[in-house]
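A.B. asks: when you get a sec, could you give me coordinates for this:
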Amino acid sequence: MQDKIYMNKLFDFYGGLLTEKQQQILQYYFRYDLSLQEIAENENITRSAVHDMIKRGKEDLEFYESKLQLLASQTKRQKIYEKLLDLNDTRIEKLVNQCKKTEGGQYE
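C.D. replies: Numbers count the residues shown, from 1 in each chain. Predicted coordinates for the structure are as follows:
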């Protein structure tokens, strides 16, 4: 389960860098929780081809994260925001909310 959550987060950041076919297969697998057989039937390809595409897509997403570190940076920022909010200072809360808005509301 943790792997699927992590892969969904990576997909949110880097999915647009994958081919359309990889995007579709990974969405079926990670977002919609379809089996390899169900995906193969939907896409008219073999179960083995689905397995290979998922494996390759995961490798690609992990490669992008290893180079760009977008998810790691977001996670670090989120932890900092949480620590700041624990201080219960309204001025800090306003600043954190401004940061969240600047980043597209990813932390709300």
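A.B. asks: got the buried residues for the helix or strand harbouring A40?
C.D. replies: With elements taken from DSSP states H and E, the one containing A40 is helix 36-43. Buried positions in helix 36-43, judged by neighbour count with 16 or more other Cβ atoms under 10 Å: L36, I39, A40. From N, CA and C alone the C-beta is placed, and that goes for glycine too.
A.B. asks: can you list the domains in the protein?
C.D. replies: Domains of the chain are assigned by automatic domain parsing as 2-68, 71-102.
A.B. asks: out of those domains, which gets the lowest mean score?
C.D. replies: Lowest mean pLDDT within the domains of the chain: domain 71-102, at a mean of 83.
A.B. asks: from start to finish, how long is it in a straight line?
C.D. replies: 16 Å (Cα to Cα, to the nearest Å).
A.B. asks: what is the distance between that domain and the centre of its chain?
C.D. replies: The chain centre lies 20 Å from the centre of domain 71-102; the measure is Cα atoms, centre = their mean, to the nearest Å.
A.B. asks: with stretch 4-16 instead?
C.D. replies: Stretch 4-16 sits 2 Å away from the centroid of its parent chain (Cα atoms, centre = their mean).
A.B. asks: again with stretch 43-52
C.D. replies: The answer for stretch 43-52 is 23 Å, by Cα atoms, centre = their mean.
A.B. asks: cool, and stretch 36-49?
C.D. replies: The chain centre lies 23 Å from the centre of stretch 36-49; the measure is Cα atoms, centre = their mean.
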